[in-house]
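Enquirer: Just a sequence and a predicted model for now, questions to come.
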Amino acid sequence: MGVLGMVGGATPAWAWSASQSVAGLGGQVPPWLVWDEQADPIVAGVIERGEAAAVNALLRTWTRNGQPLPAGLPVELRDFIEDARRLPAWTDTRKLAAAVEFNKRRGTYLGVSYGFVSGMMSTVIPHEARAVYYSRGGADMKHRISRTAKFGYDIGSRNAFQPDGSMIVTAVKTRMAHAGVRHLLPQSSHWTGVADEDVPISQRDILVTWHSLPTSVMKAMRSWGVRISTSEADAFLHSWQIAAHLLGVRDEYIPATWADANAQAPQILDPVIGPTPEGIELADFLVNLAAETDGGLLTRPLLQAMTRYFLGDRIADWLELPRNPGWDQAIAAGWPPFVMLKETGLLLPGIDELYWLFDEFLRQGALWYLGEGQPLDIEIPDANNPN
Ligand code: HEM
């Protein structure tokens, strides 16, 4: 499939200057022509030699950033990981420390944004929706979501990038999982039957998803009137720049500043979003995620209404989420004053049922996602979704 076919027939725009990236040079090759030349052949080799299960078993013991790798890994994989786990020279540890504070202070908003802005948005990113649906994880969505939530959890944790933290491990394991998906999905007749690209998860795709995360989160929080200082915003951006680097995105594509990120997003994210049958099904799964706790009586309309409010009618309609009279109005009427009262420090616990519900819902949400006591190991896949 040619380059044009990858973006639905439209000529993709890639107007990117070297000075806009953290590398400060390069960036001219469009990112839809680049995958991961370090990880892809090595991980493909692991899968082809039937070593994925053994490698995953070894890597399950590697959980902390500062921890040495277990013995027994294939040499080229070990060398790759040693290289991939190194933080880039442009890492600013003060900014990373400030990002931790920001994550702590803004936990509620970040929870809402990661879930209802980024998470639900992923279902209207066609390449991502299809890749998720037809890869092995698509067969067990609840666990897939748990492992993905681990990424947002680890990046916001106190010691994320410190030797006793886990974010570097999580990101490098994710990079290897993506490399595995690049090798496997083209072998899935389900995926090739619908895909408009030969190999999934190009650097462009990762940038698309990246913008659905920090860029969309920051835009949402600002639109809600959350006060965020420039240094807080820069620190948050920095943690995600490092995450992009660890995921294997070339430095030449990683936006250097918020201005650069905001200039890249309309080229990268906005033109690609749209409904797919796979995305509609994934969204339906997501809004039913908590249904086992209450048969969906409250949680389903609440999740649907929150998605409609945070992503807007166009996306909610694409996802075929029904309107929920009562809930839709309650969220639309309740969220702005909730933010305002929270920002002015006037919100007291128990002041109002709905506000309580917002906060509680978020806390519970994390538990629903993460609370099954299953180990959340991010692994190299060795098969696609058989369904
Ligand atoms: C796996 C995060 C971009 C498709 C994962 C996992 C994480 C993750 C944490 C491991 C989950 C698991 O083990 O199930 C991210 C982040 C991204 C990103 C933070 C960008 C900033 C993408 C993109 C695509 C994609 C662009 C597709 C176009 C997948 C697939 C899997 C996966 C198919 C494997 C699921 C399986 O195990 O079958 N990703 N991802 N990801 N990701 Fe991504």
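Expert: Received it, and whenever you're ready, just let me know what you need.
Enquirer: start to end distance for stretch 271-290?
Expert: 31 Å (CA to CA, to the nearest Å).
Enquirer: likewise stretch 162-169?
Expert: Start and end residues of stretch 162-169 are separated by 11 Å (CA to CA).
Enquirer: So that stretch, near the ligand or not?
Expert: No - judged by CB under 6 Å from any ligand atom, stretch 162-169 and the ligand are separated, with a smallest distance of 10.8 Å. (Glycine included, C-beta is placed from N, CA and C.)
Enquirer: list the buried ones in that stretch?
Expert: For stretch 162-169, a neighbour-count test (16 or more other CB atoms under 10 Å) marks 162, 165-169 as buried.
Enquirer: element containing Glu128, please.
Expert: Glu128 is part of helix 126-134, with elements assigned from DSSP states H and E.
Enquirer: buried set for that helix?
Expert: Buried positions in helix 126-134, judged by neighbour count with 16+ other CB under 10 Å: 126-134.
Enquirer: For it, report the contacting residues that lie outside it.
Expert: Helix 126-134 has contacts (CB atoms under 8 Å, 6 or more residues apart in numbering) with 122-123, 138, 144, 181, 185, 188, 190-191, 194-195, 197, 200-201, 205, 208-209, 272-274, 276, 278-279, 281-282, 384-385.
Enquirer: Does it reach the ligand?
Expert: Yes - for helix 126-134, a contact with the ligand is found by CB under 6 Å from any ligand atom, at 127-128, 131-132.
Enquirer: Alongside the ligand, which residues does the stretch 1-150 of the chain contribute?
Expert: Residues of the stretch 1-150 of the chain found near the ligand (CB under 6 Å from any ligand atom) are 127-128, 131-132, 135-137, 144, 147-148.
Enquirer: my read: Ser118 touches Thr215, true?
Expert: No - here Ser118 does not reach Thr215: they are 9.6 Å apart, not a contact under CB atoms under 8 Å.
Enquirer: Any quick PyMOL command for the buried ones out of the contacts of helix 126-134?
Expert: Selection command for PyMOL covering only the buried members of the contacts of helix 126-134, criterion 16+ other CB under 10 Å:
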select buried, resi 122+123+138+144+181+185+188+190+191+195+197+200+201+205+208+209+272+273+276+278+279+281+282+384+385
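Enquirer: For the ligand, give me its nearest residue in the stretch 101-250 of the chain.
Expert: Nearest to the ligand in the stretch 101-250 of the chain, going by CB to the nearest ligand atom, is Gly137, at a distance of 2.8 Å.
Enquirer: so where's the stretch 1-150 of the chain shaky on pLDDT?
Expert: Applying pLDDT under 70 to the stretch 1-150 of the chain flags residues 1-12, 142-143, 146-147, 149.
Enquirer: same thing but at 90, please
Expert: Scanning the stretch 1-150 of the chain with the threshold set as pLDDT under 90 gives 1-15, 18, 100-120, 136-150.
Enquirer: For the stretch 251-387 of the chain, what lies in contact range of the ligand?
Expert: Contact residues (CB under 6 Å from any ligand atom) of the stretch 251-387 of the chain with the ligand: 378-379, 381.
Enquirer: wait, which of those is closest to Ile268?
Expert: Ile378 (24.6 Å; CB to CB).
Enquirer: Phi, psi for that closest one please.
Expert: When read as degrees, to the nearest 10, the backbone of Ile378 gives phi -90, psi 120.
Enquirer: which ones are touching Arg136?
Expert: Each residue near Arg136 by CB under 8 Å, 6+ apart is listed here: 184, 381-385.
Enquirer: which one is it nearest to, not counting chain neighbours?
Expert: Counting by CB to CB, 6 or more residues apart in numbering, the nearest residue to Arg136 once its immediate chain neighbours are dropped is Pro381, at 4.4 Å.
Enquirer: Over to His238?
Expert: Nearest in space to His238, with sequence neighbours left out and distances taken as CB to CB, 6+ apart, is Lys95 at 4.0 Å.
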